[in-house]
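Participant: below are the sequence and a predicted model; questions follow.
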There are 2 protein chains.
Amino acid sequence: MPYKILTVSREIGSAGHTVACLVAKELQIPCYDKNIVDKIAVETGFSPEYIKQESEYAKSRSFLAYAFSSQGDPSIMGGMSPADRIWIAQSKVICDVAEKESCVIVGRCADYILKDRKDALHVFIHANKDFRAKRLVDLYGDDGRSPIRRLDEQDDKRRVHYRHFTGRNWGEAKNYNLSIDTSAVGIEKAAKIIVDIMKNAGR
Amino acid sequence: MPYKILTVSREIGSAGHTVACLVAKELQIPCYDKNIVDKIAVETGFSPEYIKQESEYAKSRSFLAYAFSSQGDPSIMGGMSPADRIWIAQSKVICDVAEKESCVIVGRCADYILKDRKDALHVFIHANKDFRAKRLVDLYGDDGRSPIRRLDEQDDKRRVHYRHFTGRNWGEAKNYNLSIDTSAVGIEKAAKIIVDIMKNAGR
């Protein structure tokens, strides 16, 4: 197989997670998503709930911003903010699972963390706002706020987080080997295209 | 067929033009690339050579910059710079060919010009620098300068031109329905994926 590892970055509501699961099922390899949080919890000692809150959506908080906040004594944290500690543990866990086995990894800047692996295919899943808004409400319910505004807020958080930890622009085509608009291509078709590339890429 | 029109935007050296030709041949539809320049020439009265030089790679020149240059009297040009006149003619020609027939259109901001057509699939072809540098030298020869520097210069010109006329960021995944790295996927595989989506997208 030309590619052993697949990283899937995605916009919320784009069905990126569903695409990742379909690919993993078809290739009969594990899909690391929320379950990777437990591994990060073991590395850091933080609770899985705290990691979920602080990692992928964390606003960029520098060491200094943390040091002067009321949240903790940075000397106890080894001079790093919790977000920085989670980032380091996350990078280690992702490198370890990629080294150990063929797998799919969803989110968590895995595209950047594994950017130098020649056996990793990096995919970005996006979709138009109407498609995403409908899925957002179907999956997470209607909380009374505009779904478009909720999408914009999540996009902003991911953009800031990605930029902070990778120095790259989130959603730039060149960061990925393949970017697919599921609202134009279809969810199952997107998964089939990725499986085909994983198995038969002509590079 | 779910999609009637294909627009192909591409980085120089990424084999985007080859991919576009392969798709057009497989779908038995015309591919508009350099031949669209002749249509723009008829619309504007400029020579094809001048249009090639001034259009896709033109630096953004505002009306005022043109008006105070020594290149012409803007009153004769209807108050517009040559680049602006070419843009308007180019938009008209691209809308006309898309309206008339199923086709592939390479470059010329066709993704933006046809962004509201539901029957148009927009693709961006990119590749890593080594792949592009090798193709650049194979196709256009070695002019003594660093191939990477030549790529960077062309990328900058396209970025500025695209930003000036569309207000969007060139190479942002969200501008396209599909972005493919030919150095990771393969040229023929990229063409096959696009043909499959044109014929069978599951949207």
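Facilitator: Thanks, I have it. Numbers count the residues shown, from 1 in each chain, chains lettered A, B, ... in the order given.
Participant: just say helix, strand or coil for A:I36.
Facilitator: Look at A:I36: counting by DSSP: H, G, I helix; E, B strand; the rest coil, its state is helix.
Participant: so it sits against A:I105, correct?
Facilitator: Yes - assessed by Cβ atoms under 8 Å, A:I36 is found in contact with A:I105 at 7.1 Å. To be clear about C-beta, it is placed using only N, CA and C from the backbone, and glycine gets the same treatment.
Participant: what about the strands in chain A?
Facilitator: A:5-10, A:31-32, A:103-106, A:120-126, A:178-181 (DSSP state E).
Participant: out of these, which one sits most buried?
Facilitator: Counting by mean count of other Cβ atoms under 10 Å in any protein chain shown, strand A:178-181 has the highest mean neighbour count of those, with a mean of 28.
Participant: and chain A, which residues reach chain B?
Facilitator: A:121, A:124, A:126, A:171-174, A:176-181, A:183-189, A:193, A:196-197, A:200-203 (Cβ under 8 Å from any Cβ of the partner chain).
Participant: only whichever of those are buried, select them in PyMOL.
Facilitator: The buried residues among the residues of chain A next to chain B can be selected in PyMOL (16 or more other Cβ atoms under 10 Å in any protein chain shown) with this line:
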select buried, chain A and resi 121+124+126+171+172+173+174+176+177+178+179+180+181+183+184+185+186+187+189+193+196+197+201+203
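Participant: which helix or strand in chain A has the lowest average pLDDT?
Facilitator: Counting by mean pLDDT, DSSP states H and E, the weakest-scoring helix or strand in chain A turns out to be helix A:63-67, with a mean of 44.
Participant: ok, the residue most central in space within chain A to chain B distance?
Facilitator: What sits nearest the mean C-alpha location of chain A, by Cα atoms, centre = their mean, is A:G107, with 1.0 Å. Distance of A:G107 to chain B, computed by Cβ to the nearest Cβ, to the nearest Å: 16 Å.
Participant: that residue touches A:D33, doesn't it?
Facilitator: Yes - counting by Cβ under 8 Å, A:G107 does reach A:D33; the two are 7.1 Å apart.
Participant: name the residues contacting each of these two.
Facilitator: Jointly contacting A:G107 and A:D33 under the rule Cβ atoms under 8 Å, 6 or more residues apart in numbering or on different chains is no residue at all.
Participant: distance-wise, check A:D38 relative to A:V93.
Facilitator: 10 Å (Cβ to Cβ, to the nearest Å).
Participant: which one of these two is surrounded by more residues?
Facilitator: Counted by other Cβ atoms under 10 Å in any protein chain shown, A:D38 and A:V93 do not tie: A:V93 has more neighbours, with 24 against 11.
Participant: enumerate every residue touching the more buried one.
Facilitator: Contacts were defined as Cβ under 8 Å, 6+ apart; by that measure A:V93 touches A:I36, A:K39, A:I40, A:E43.
Participant: ok, now A:Y176?
Facilitator: Each residue near A:Y176 by Cβ under 8 Å, 6+ apart is listed here: A:S9, A:D111, A:H122, A:V123, A:F124, B:A173, B:S179, B:D181.
Participant: go with 10 Å
Facilitator: Neighbour list for A:Y176: A:7-9, A:111, A:121-125, B:126, B:173, B:179-181, B:184 [criterion: Cβ atoms under 10 Å, 6 or more residues apart in numbering or on different chains].
Participant: do you know the pLDDT at it?
Facilitator: At A:Y176, the pLDDT value in this model is 97.
Participant: torsion angles phi and psi at it?
Facilitator: phi -130, psi 160 (degrees, to the nearest 10).
Participant: okay, now the unreliable bits of chain A?
Facilitator: Applying pLDDT under 70 to chain A flags residues A:55-78.
Participant: where along it do the helices fall?
Facilitator: Here chain A has its helices, by DSSP state H, at A:16-27, A:35-44, A:48-54, A:63-67, A:82-100, A:110-113, A:129-140, A:147-166, A:182-185, A:187-200.
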